[in-house]
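A.B. asks: turn this into a structure:
(chains A, B and C)
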Amino acid sequence: MDDIFEKEMQKDTVFVDRNVLTSHYIPDTLPHREKEIDRVMKTLSQILKGKPPRNLFIYGKTGTGKTSTTKHVIDKLLQVKDKYKVGVDSIYINCRMLNTKYQVLLKCAEFCNSRKNFIGFPFSVLLDAVIDYIKAGRINFLIVLDEIDKVKNLDDLIYSLVRANEALESGHIGVIGITNNVTFKKELDPRSRSTLLEEEMVFPPYNAEQLQAILKQRVKLGFKDGSVDDSAINLASALAAQESGDARYALNLILKAGELADEDRAKKVGESYVTKARKVVEEEIVYEMIINLPEHEKIALYAIAQLTSEGSHYHRLDGTADERVLFSGEVYEKYEAVCRDLDKVARSARWCREYINELDMLGLITISLSGKGVRGNTTLIRLAFPANKVKEVIEKRLES
DNA sequence: CCTCCACAGGAAGCGCAGGAGT
DNA sequence: ACTCCTGCGCTTCCTGTGGAGG
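C.D. replies: Numbering: from 1, shown residues only, chains lettered A, B, ... in the order given. All right, here's what the predicted structure looks like:
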């Protein structure tokens, strides 16, 4: 039944399984992470020898394989645990979503006691639930905390887990912390630092050749045979290598390139699609950024876009270019007007200036001080992206 | 030269939500 | 579960800067 649809869908696509190209997918082998896998493996294999797991802290930029490597090794560990007759359980928590000690422990407690709903229970009850579970099964419980720097009162959480560990006669808790935040270590309490950083690893960024290997592997799995040119892979790797060696970015490029090729009903993904994909990906990042802007910054940006696209009264700087440069005064007037239209109370002019600075920091506009020439002392404001597109993106979000 | 305008950006203070302390 | 405290977003006020115009 599905089959005919399946066939139809397969006709006009270069993909076999686009899922392979997303960051959720973890391949059987991770190219160029052999050393890292080895070290994580060594650390965790203590468990198989009947020793308590050492806590592990992993640092590395985005897209350097921290999460994949960790998950990969833990999968392998879970596969062999029965052979060695040891109890191992593991829970993966992304702390961007669950960013308090309570939420983290709640997740652990629910994992340990799958049918019970612990919401609303005091912290200590959750801790006991986890401890009981570990005790009963003599389990080595590995807690993977991804983006661990996002947890609000992490010191408390670590402290509680240490105490729990001490209270256990059988079984242990091991924490694997993952982050891409360099400064994070310094913010930790010295005690929890020495606990968490028992074992420390840094994942280096991938270089262009390594990215090529990664892409080749995934392309083989995710695309139809021969539908992706080597030159496309090379370009995507090179671009991602420039972009701080981010494998996720490289995969995203090749995925988008494939989608663009599908749109054209092209049979082959060549370099040109990667170039286009790069544009699309960059734009998406920008529009994502705009969507996530605080409301009044969005309104300010909208006002700027509006003024820019009106273009009726723009200012020529030294008569050369006809770039539309705005003064902060008129931006504030427009901002107030937009606020009125939306039935919102406008913030003060002082704060609007802060917004404008913020938008500049984000690269959505460029500002420069007039210095001498134009009016006394003012900020000259220029939109960094096409006004119509910016307006369109904000309009979609603002009305709702 | 002096004053006014248009604005930049620092300082102080205010109300509020949410975390800490008990 | 209670208050207490603190940080944050914001306003208000203020001082400083440089061109325009009398």
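A.B. asks: on contacts alone, who are the packing partners of the strand or helix carrying A:Asp360?
C.D. replies: Using DSSP states H and E, A:Asp360 falls within helix A:349-361. Packing contacts for helix A:349-361, counted by 3 or more Cβ pairs under 8 Å, 6 or more residues apart in numbering; DSSP states H and E, involve helix A:295-310, helix A:328-341, strand A:365-369, strand A:379-383. Yep, even glycine has a C-beta here, placed from its N, CA and C like the rest.
A.B. asks: next one: that helix to chain centre, how far?
C.D. replies: 26 Å (Cα atoms, centre = their mean, to the nearest Å).
A.B. asks: same question for that helix: list its buried residues.
C.D. replies: Residues of helix A:349-361 classed as buried: A:Cys352, A:Arg353, A:Tyr355, A:Ile356, A:Glu358, A:Leu359, A:Asp360 (neighbour count, 16 or more other Cβ atoms under 10 Å).
A.B. asks: who touches the third one in this structure?
C.D. replies: Yep, that's A:Tyr355 we're talking about. For A:Tyr355, the contact set (Cβ atoms under 8 Å, 6 or more residues apart in numbering) comprises A:His296, A:Glu297, A:Ala300, A:Arg347.
A.B. asks: hmm, which two among these are most spread apart?
C.D. replies: Distance extremes for those: the farthest pair is A:Glu297 and A:Arg347 at 10.0 Å, using Cβ to Cβ.
A.B. asks: can you confirm A:Leu221 is in a strand?
C.D. replies: No. Counting by DSSP: H, G, I helix; E, B strand; the rest coil, A:Leu221 is located in no strand; its state is helix.
A.B. asks: how about the nearest residue to it, chain neighbours excluded?
C.D. replies: Excluding the flanking residues, the one nearest A:Leu221 by Cβ to Cβ, 6 or more residues apart in numbering is A:Val20, at 4.5 Å.
A.B. asks: pull up the gap between that neighbour and A:Phe327, please.
C.D. replies: 51 Å (Cβ to Cβ, to the nearest Å).
A.B. asks: ditto for A:Ala349
C.D. replies: For A:Ala349, the distance to A:Phe327 equals 12 Å [Cβ to Cβ].
A.B. asks: for the residue positioned nearest the centre of chain A, which residues are in contact?
C.D. replies: Nearest to the geometric centre of chain A sits A:Thr62, at 7.2 Å (Cα atoms, centre = their mean). By Cβ under 8 Å, 6+ apart, the contact list for A:Thr62 reads A:Asn180, A:Ser244, A:Asp246, A:Arg248.
A.B. asks: hang on, the second one is in a strand, isn't it?
C.D. replies: Which is A:Ser244. No. Counting by three-state DSSP, A:Ser244 is not part of a strand but coil.
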